[in-house]
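Asks: got a structure for you, letters missing:
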């Protein structure tokens with residue numbers, strides 16, 4: 001009985017085994033950007049002044065990554081006050097009702113040595129749909145690098161059916177992501193070659 005109690009006490013005092021360490025990355029927003037482009041009779045190009053992105057891993061396998069992007073829609077910046085006001089309105093981003101534009105990955109498929117299809121849930125104006133962000137990665141294996149990608153969507157599928165006065169705009173919206181990332185701890189990622 002004494003031996004059993006002593007054994008139980010010994011196990012209680014031993015540290016629990018920890019999960020294998022995973023790679024931890026941070027993005028540097030000041031060196032990164034999220035931009036959009038819409039074909040129009042007058043240039044419709046812009047970016048966002050406030051957003052955040054995180055890249056987390058559950059193992060060293062690069063395809064276990066979760067990319068999470070959150071954009072403050074009211075910080076849209078096209079260089080034109082009139083266009084910005086229209087994009088913030090209920091006809092487009094509807095920033096009063098839906099202050100954030102988000103993308104959260106659900107699956108990552110490595111399509112080449114440095115290219116990936118990132119499938120995820122994209123939300124804008126309170127409408128969520130599955131979309132694919134096509135990415136390339138540079139700096140592989142160095143602990144720092146650049147993630148560049150593009151996603152295209154049909155604005156009308158998200159309820160943005162209005163136009164801008166005196167400006168003819170297309171339905172297709174292209175979003176360009178350019179993220180600078182740096183590994184802050186953990187082992188290096190494993191890619192398939």
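Replies: Here it is on my side, so go on. Note that this is a predicted model, so its numbers are computed, not measured.
Asks: what stretches of this structure score poorly on pLDDT?
Replies: 1-20 (pLDDT under 70).
Asks: all strands for it, in order.
Replies: Using DSSP state E, the strands found in the chain span residues 24-27, 33-40, 44-48, 51-56, 66-72, 76-77, 100-112, 115-124, 127-138, 144-154, 169-185.
Asks: what's the closest of the ones you listed to residue 87?
Replies: Closest to residue 87 of the strands of the chain, according to C-beta to C-beta: strand 76-77, at 5.1 Å. Every residue, glycine included, has its C-beta placed from N, CA and C.
Asks: which residues does the spatially most central residue of the chain contact?
Replies: When C-alpha atoms, centre = their mean is applied to the chain, the residue found nearest the centroid is residue 69 (3.4 Å). Neighbouring residues of residue 69 by C-beta atoms under 8 Å, 6 or more residues apart in numbering: 34, 51-53, 102-104, 177.
Asks: who wins for neighbours among the residues you listed?
Replies: Among these, the one with the most neighbours (other C-beta atoms under 10 Å) is residue 103, at 23 neighbours.
Asks: Do I have it right that it meets residue 132?
Replies: No: counting by C-beta atoms under 8 Å, residue 103 does not reach residue 132; the two are 10.3 Å apart.
Asks: Quickly list what's touching both of those two.
Replies: 120, 151.
Asks: which non-adjacent residue is nearest residue 92?
Replies: Nearest residue to residue 92 in three dimensions, chain neighbours excluded: residue 160, at 5.1 Å (C-beta to C-beta, 6 or more residues apart in numbering).
Asks: swap in residue 78?
Replies: Per C-beta to C-beta, 6+ apart, closest to residue 78 is residue 46, 3.7 Å.
Asks: Based on its surroundings, how many neighbours for residue 73?
Replies: By the criterion of other C-beta under 10 Å, residue 73 has 22 neighbours.
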